[in-house]
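J.: Next come a sequence and a model predicted from it.
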Amino acid sequence: MSDVQEARAAAAITHDNIVTIYRVGEFGGMPYMAMQYLEGCSLYSYVISKKKSRLEMPQIVRLVREMALGLAAAHSRGLVHRDIKPSNIWLESPRGRVKLLDFGIATQAGPTRGHLPVQ
């Protein structure tokens with residue numbers, strides 16, 4: 001699957017915990033993607049910040065739950081992210097809602113069976 005096809009697969013997902021991709025295409029042989037502008041910072045930046053270096057258990061549970069909901073939405077469409085890491089997890093300001101970013105090396109899998117419903 002080409003980069004443009006992968007981006008189109010990610011763009012087809014609409015979920016509160018996945019960055020919205022508005023347009024995908026190719027111009028002059030170069031692929032492009034126009035996505036939602038997000039305020040905030042990556043989980044990586046948040047954790048290494050001296051002022052915010054410690055996460056409390058309720059906050060960790062909320063972040064992991066939101067990541068799981070976003071991944072479940074992608075999986076329900078047959079898309080596997082394959083690059084989950086702190087720099088691809090965005091904490092949107094002001095409340096820190098998780099948005100999954102960078103489906104660049106995602107792969108399209110077959111339809112999933114027996115997955116949990118996405119809420």
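T.: Arrived safely, thanks for sending. Numbering: from 1, shown residues only.
J.: Spatially nearest residue to residue 22 (excluding sequence neighbours)?
T.: Once flanking residues are discounted, residue 22 sits nearest to residue 34: 4.7 Å by CB to CB, 6 or more residues apart in numbering. Yep, even glycine has a C-beta here, placed from its N, CA and C like the rest.
J.: and if you look at residue 42?
T.: Once flanking residues are discounted, residue 42 sits nearest to residue 87: 4.9 Å by CB to CB, 6+ apart.
J.: just residue 21 next, same as before
T.: Using CB to CB, 6+ apart, the closest residue to residue 21 is residue 11 (3.8 Å).
J.: who touches that neighbour in this structure?
T.: 21, 22, 23, 24, 33 (CB atoms under 8 Å, 6 or more residues apart in numbering).
J.: So it versus residue 49, what's the distance?
T.: 31 Å (CB to CB, to the nearest Å).
J.: Buried residues, the helix or strand where the residue nearest to residue 22 lies. List them.
T.: Per DSSP states H and E, residue 34 falls inside strand 30-35. The neighbour-count check on strand 30-35 (16 or more other CB atoms under 10 Å) flags 33, 35 as buried.
J.: Identify the residues contacting the helix or strand just after it?
T.: Sequence-wise, the next helix or strand beyond strand 30-35 is strand 40-42, with elements assigned using DSSP H and E. For strand 40-42, the external contacting residues (CB under 8 Å, 6+ apart) are 49, 86, 87, 88, 89, 90, 91, 92, 93, 96, 101.
J.: Which members of the residues you listed occur in strands, if any?
T.: 89, 90, 91, 92 (DSSP state E).
J.: Make TSV from those and add distance to residue 56 to it.
T.: What follows is these, written out as TSV (distance: CB to CB, whole Å):
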residue	distance to residue 56
89	17
90	20
91	14
92	19
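J.: quick revisit: wait, isn't the residue nearest to residue 22 in contact with residue 23?
T.: Yes. Shown here, residue 34 and residue 23 form a contact pair, counting by CB atoms under 8 Å, at 4.3 Å.
J.: who's in contact with residue 87?
T.: Contacts of residue 87 (CB under 8 Å, 6+ apart): 42, 43, 44, 45.
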